[in-house]
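> Okay, predicted coordinates and the sequence, questions at the end:
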Amino acid sequence: MQTFMIPGTIFMSLLAGALFGVIKGGILVVFTATAGASSCYFLSKLIGRPLVCWLWPERLRYFQSEIAKRKDKLLNYMLFLRITPTLPNTFINMASPIVDIPFHIFFAATLIGLIPASYITVKAGRALGDLRSVRELYDFKTLVVLFLIGSVAVVPTILKRKRTYE
């Protein structure tokens with residue numbers, strides 16, 4: 001799914017957690033996601049790079065020069081992008097070879113950077129796998145919290161409406 005940018009990999013991570021547990025499922029998810037991202041990297045290098053070079057050569061040179069300036073800290077930047085949800089992973093997979101991110105940095109950042117998010121989704125999948133009924137998911141405390149969050153979301157609208165009538 002990662003290779004061809006098919007959405008829905010989070011559901012596979014949830015399923016891995018439910019079927020294999022946190023440790024085995026986490027290892028499976030991290031390694032398969034890294035393999036898929038690496039395949040996408042090379043596919044983008046093969047097809048995307050020539051296309052971008054042909055369509056936007058000046059912009060490409062600019063981004064490549066910016067990457068070259070930060071060559072010593074690329075692993076840190078890539079780890080930041082992988083760990084935080086600032087950019088979609090699909091975009092990172094496609095853009096990295098085009099702007100000259102070396103594969104060894106891409107691979108290391110992907111392998112390490114996917115661990116936190118994978119752990120969270122696999123753990124959630126494990127928890128979902130342990131559910132016996134929907135009642136376990138929506139207990140009284142959860143419903144109260146959801147109601148409070150919803151109320152907080154509505155407060156600005158109510159305050160704005162009250163100011164309009166005054």
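Great, that's in hand. Numbers count the residues shown, from 1 in each chain.

> So what's the residue count around the nearest residue to residue 53 once chain neighbours are set aside?
In this structure, residue 53 finds its nearest non-sequential neighbour in residue 60, 5.9 Å apart by CB to CB, 6 or more residues apart in numbering. In short, each C-beta sits where N, CA and C put it, glycine included. Close neighbours of residue 60, defined as other CB atoms under 10 Å, add up to 17.

> contact partners of the helix or strand harbouring residue 60?
Residue 60 belongs to helix 57-69 when elements are defined using DSSP states H and E. Helix 57-69 has contacts (CB atoms under 8 Å, 6 or more residues apart in numbering) with 52-53, 74, 98-101.

> helices or strands next to the helix or strand following it in the packing?
Using DSSP H and E, the helix or strand that follows helix 57-69 towards the C-terminus is helix 74-83. Helix 74-83 sits against helix 89-98, helix 103-130, with contacts defined as 3 or more CB pairs under 8 Å, 6 or more residues apart in numbering; DSSP states H and E.

> By mean pLDDT, point me to the weakest helix or strand of this structure.
When the helices and strands of the chain are scored by mean pLDDT, DSSP states H and E, helix 134-137 comes last with a mean of 64.

> Ramachandran coordinates for residue 2?
phi -70, psi -40 (degrees, to the nearest 10).

> No further queries at this time; thank you.
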